[in-house]
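K.L.:
Build the 3D model from these lines:
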Amino acid sequence: MASKEGVYRITEIVGTSKTSWEDATKNAIETASKTLRDLRVAEVTKLDCKVERGKVVAYRSRVSLSFKYEG
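P.N.:
Numbers count the residues shown, from 1 in each chain. Okay, here's the model as predicted:
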């Protein structure tokens, strides 16, 4: 029987959006998936926003991504 064990790395990224935290998270994951293969889990660890002159101008989502090392 083949082993299902593996080694994973966790990296933290920040996505941004002018419309929502959901879009910021989606942007982060979709951009990371262009260079990282075999993404397994995405965990949103922090949400914040950029404010200018009393108005929200950007939403930011900090995401921890795990991916499997190939071997």
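K.L.:
Please state the offset of the host helix or strand of Glu30 from the chain centre?
P.N.:
Here Glu30 sits within helix 21-32, counting by DSSP states H and E. Distance of helix 21-32 from the chain centroid (CA atoms, centre = their mean, to the nearest Å) equals 6 Å.
K.L.:
what's the average pLDDT for it?
P.N.:
For helix 21-32, mean pLDDT rounds to 97.
K.L.:
so what's the spatially most central residue of the chain closest to, chain neighbours aside?
P.N.:
Taking CA atoms, centre = their mean, the centroid of the chain lies closest to Val63, which sits 3.7 Å from it. Excluding its sequence neighbours, the residue lying closest to Val63 (CB to CB, 6 or more residues apart in numbering) is Ala28, at 4.8 Å. For the C-beta atoms, the positions are set from N, CA and C on the backbone; glycine is no exception.
K.L.:
List the buried residues for the host helix or strand of Val63?
P.N.:
Here Val63 is covered by strand 55-68, with elements defined by DSSP H and E. For strand 55-68, the neighbour count (16 or more other CB atoms under 10 Å) marks Tyr59, Arg60, Ser61, Arg62, Val63, Leu65, Phe67 as buried.
K.L.:
Pick out the most distant pair among the residues you listed.
P.N.:
Of all pairs drawn from the buried residues of strand 55-68, the widest gap by CB to CB lies between Tyr59 and Phe67 and measures 24.4 Å.
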